[in-house]
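> got a predicted structure here, sequence first:
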Amino acid sequence: MNIAAIGTGMIVERFFSAAAFVEGANPYGVYSRSEENGRRIAERFHFDHVYTDLKQMLEDPNIDCVYIASPNSLHYPHARQALQAGKHVICEKPFTSTARECAALYELAKQKQLFLFEAIVTIHMPNYRLLKSHLPELGTIRLVQCNFSQYSSRYDQFLAGATPNVFHSAYSGGALADINIYNLHFVMNLFGRPNHAVYYPNMQRGIDTSGVLLMSYDGFQAVCVGCKDTRSHNIAQIQGENGYITLNSETSRCANFSVTTKNGTILPSVKQHEISLYYELKEFMRIMQEQDTDTFHELMEYSLSVMEVYEAARVAAGIHFPADDA
């Protein structure tokens, strides 16, 4: 399956690096407004097709699937164009700016009989799935805590007066969209949709540079901290009446975890691939090759649910994106 990417950032390099380990995934081309940036990616991954015209790329009959890693606000229009051109789509997180956009893409994919995926690494990591299997040992859940804090490489530019995409509402940026979204997925894929979600952001120049997302479930609360303006020890804890699970890493990679009960502490973690995107791409390829439409619909319904909770919390916190007016 020939895959072309939209974008030339670090995440595209990681994606194409992962493709080297996934049978059937063939890096074929890249679209960039800068031919120089596109050529850099092409040379590293040994393909010839560099496009500076998106329409031309999407008209290439040799491309089967498009990986979208453009700024957040462009996920929807780029995914829509790719689906309309008859291409399968893998779109980086956050899937879209609004739940309405997500639902529209899902309907279009169904109409075109194409596959559409949100590239969220968390839920595909082996240790995350293993962690989920240990939840019954904790008994009744009472509290979930997640902290994913990463000082952004763009934050100094922001403090100096510039407005990088990741800190720009016009590009659907901010800490909730860029980093706390991993915490949201971590919690919702374990426990489902919350009864209520509210976001308390630290706002600077109209965008959230950090914040706390609170989600209420029957019998317990989930507290999700996401920061792009400070560093912290990244950790997640799930506390039950019979014990607790501690994840000692970002909620994206789920690197390792422990389970502590009255019987002691165990370390069930397995060694994972060094490229975290490997697992999501491997699963997406399997679904497409096997025409596993049941899993496709399950993943899309789940992503839509996450987008609905994400958007409601964002809007209630006063964070406005241009897509909200569409």
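On my side now, so go ahead. Predicted, not measured: the structure shown is a model, and the values here were computed from it. Numbers count the residues shown, from 1 in each chain.
> now the chain, which segments are flagged as low pLDDT?
For the chain, no stretch is flagged by pLDDT under 70.
> which residues in the chain form strands?
Remark: strands assigned in the chain by DSSP state E are 2-6, 26-31, 49-51, 65-68, 88-92, 116-119, 141-149, 196-204, 207-217, 220-227, 235-240, 243-247, 257-261, 264-266.
> on contacts alone, who are the packing partners of the last one?
This points to strand 264-266. Counting contacts by 3 or more CB pairs under 8 Å, 6 or more residues apart in numbering; DSSP states H and E, strand 264-266 is packed against strand 257-261. For the C-beta atoms, the positions are set from N, CA and C on the backbone; glycine is no exception.
> residues contacting the closest residue to G174 other than its chain neighbours?
Leaving aside its chain neighbours, G174 sits nearest to D208 (4.3 Å; criterion: CB to CB, 6 or more residues apart in numbering). Residues in contact with D208 (CB atoms under 8 Å, 6 or more residues apart in numbering) are 174-176, 199, 201-202, 317, 319.
> if D208 is in a bridge, with which residues?
On the basis of DSSP bridges, D208 is bridged to M203.
> any chance of the contacts of D208 in TSV, with neighbour count and distance to D294 too?
What follows is the contacts of D208, written out as TSV (neighbours: other CB atoms under 10 Å; distance: CB to CB, whole Å):
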residue	neighbour count	distance to D294
G174	31	34
A175	29	34
L176	27	31
Y199	25	33
P201	22	37
N202	15	41
A317	18	35
I319	24	35
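> just checking, what's the longest helix in this protein?
As assigned by DSSP state H, the longest helix anywhere in the chain is helix 293-316.
> now do the buried residues in that helix.
Using 16 or more other CB atoms under 10 Å as the test for burial, helix 293-316 gives 296, 299-300, 302-311, 313-314.
> returning to that earlier point: could the strands of the chain go into a markdown table alongside distance to A104?
Below are those laid out as a markdown table (distance: least, CB to CB, whole Å):
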| stretch | distance to A104 |
| --- | --- |
| strand 2-6 | 18 |
| strand 26-31 | 22 |
| strand 49-51 | 25 |
| strand 65-68 | 15 |
| strand 88-92 | 13 |
| strand 116-119 | 11 |
| strand 141-149 | 29 |
| strand 196-204 | 22 |
| strand 207-217 | 25 |
| strand 220-227 | 27 |
| strand 235-240 | 32 |
| strand 243-247 | 34 |
| strand 257-261 | 37 |
| strand 264-266 | 45 |
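> and the residue lying closest to F167 once chain neighbours are set aside, what is it in contact with?
The shortest distance from F167 to any non-neighbouring residue, by CB to CB, 6+ apart, is to F158 (4.6 Å). Contacts for F158 (CB under 8 Å, 6+ apart) come out as 152, 164, 167, 204-205, 209.
> now do the helices in the stretch 51-200 of the chain.
Taking DSSP state H, counting those that start in this stretch, the helices of the stretch 51-200 of the chain run over residues 54-58, 75-84, 99-112, 126-133, 155-159, 175, 181-191.
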